[in-house]
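[1] Provided below are the primary sequence and the corresponding predicted coordinates.
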Amino acid sequence: MLRTDKLVWEPGDESPGAAAHIPYRSDRCILPVKHPMKENLMLDIRRVSGGAPGRSAGSSYNGFAWAVATSPDDVPDIHEQTVNALAMIDEILAGMDTDKTRLINATVYLARMHDKAEMDRAWVAWMGDDPAHWPQRACVESGLAGYNLVEIVVIAACPQSES
């Protein structure tokens, strides 16, 4: 038997009602079960506008913020593109009421892995000297669009939105 919350429906019990929204599975039947904390489950998703149709530069939900950035300039230098992308990350995070000191995770995509040392130079200068603020970070080589040499994706802790 799979339970999705603390409410248990047993055969013969009164139906949990049509207004319920969370599925409950009991053997072979799936029943909707009203969650006692439903109001807290549907917090608003906040979004920071992106530079292209169909996507956001940042989103936040339930105490977490996600952001992605590339350099707004097509400069051919990986260090400068990284500095520019990190400045964009700062702006996006600020739009969700958080900042780089609250980062949990970062993934850096490089068009050429041999550029990693120059990207690291910009990253370390941006992150600062306090290890308490350093996120877990991965760096991978990937084909990137246009003249982009670096794309950075981060996850940060942020204040929860009020519904």
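    Looks like it arrived, so ask away. Numbering: from 1, shown residues only.
[2] who's in contact with the residue most central in space within the chain?
    The centroid of the chain falls nearest to W66 when counting by Cα atoms, centre = their mean (2.5 Å). For W66, the contact set (Cβ atoms under 8 Å, 6 or more residues apart in numbering) comprises 58-60, 153-155. All C-beta atoms are positioned from the backbone trio N, CA, C, and that covers glycine.
[3] Any stretches of the chain with poor pLDDT?
    For the chain, applying pLDDT under 70 flags the ranges 1-43, 161-163.
[4] got the domain boundaries for it?
    Domain segmentation of the chain under automatic domain parsing yields 1-42, 46-157.
[5] measure the last one end to end?
    Across domain 46-157, the straight-line distance between its terminal residues is 14 Å, by Cα to Cα, to the nearest Å.
[6] And stretch 136-149, by the same measure?
    Start-to-end span of stretch 136-149 (Cα to Cα) is 21 Å.
[7] ok, and for that stretch, which residues are buried?
    For stretch 136-149, burial by neighbour count (16 or more other Cβ atoms under 10 Å) applies to 139, 148-149.
[8] so what strands line up beside whichever helix or strand A67 is part of?
    Using DSSP states H and E, A67 falls within strand 64-70. Here strand 64-70 has these sheet partners by DSSP bridges: strand 56-61 (antiparallel), strand 150-157 (antiparallel).
[9] Okay, buried residues for that strand please.
    Per 16+ other Cβ under 10 Å, strand 64-70 contains these buried residues: 64-70.
[10] how near is P72 to C158?
    Per Cβ to Cβ, to the nearest Å, P72 is found 23 Å from C158.
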